[in-house]
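In: predicted model, plus sequence, below.
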Amino acid sequence: MKRRGNFASKGFTLIEMMIVIVVIAILVGMLLPSFRGTQDEASEQRARSEMRTLATAIESYYIHNSNALPANLTALITATPRIVSTVPDDPFRAGTNDYTYAVSANGVYYVVYSYGHDRAADIAGIANAGTMTLAVGGALAEDIFVTNGTGT
């Protein structure tokens, strides 16, 4: 029987494997925050697009319903003629939550808004003059909105 005196080991040692795993973990840790920013940008673009569609639907409802704004967004689904088939969800709110919709007390102005990146509502409603009313400590820079008012 021949005995091998020198045999080469095949494979990686435990230390080499741990170093590779640590390097991969560091790379993933560096890329994750930028991926989250990309997701927020995509959600913002989605919200802006969907709210433009909702604004068009609200204006169409207004024209077809004796110059009256809908009481809520679901009225767009049941309107005759049907304007939209579903009301999209706000991408910045967890679960199945629609965009927030408010009409001024005089029924002239409306605002549809998304919570935005901070995922908290800063807009509280819309005044009779068409200006936004803000929640306590709120700022318009955080929410994404569409309105037929002045937007300030």
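Out: Nice, thanks for sending it over. Here the structure is a predicted model, which is why all the values come from computation and not from measurement.
In: measure V23 to M17 for me?
Out: In this structure, V23 lies at 11 Å from M17, with Cβ to Cβ, to the nearest Å as the measure. C-betas here are computed from N, CA, C, even on glycine.
In: how about N128, nearest residue that isn't a chain neighbour?
Out: Once flanking residues are discounted, N128 sits nearest to N106: 4.5 Å by Cβ to Cβ, 6 or more residues apart in numbering.
In: also D118?
Out: If the residues on either side of it in the chain are set aside, D118 comes closest to E142, at 4.9 Å by Cβ to Cβ, 6+ apart.
In: near the nearest residue in space to G107 that is not next to it in sequence, how many other residues are there?
Out: Taking Cβ to Cβ, 6+ apart, and ignoring the residues beside it in sequence, G107 has L69 as its nearest neighbour in space, at 5.9 Å. For L69, the count of nearby residues is 18 (other Cβ atoms under 10 Å).
In: L69: what secondary structure?
Out: The three-state label given to L69 by DSSP: H, G, I helix; E, B strand; the rest coil is coil.
In: got a list of what it touches?
Out: If a contact means Cβ atoms under 8 Å, 6 or more residues apart in numbering, then L69 has 58, 61-62, 103, 107-108, 110 as its contacts.
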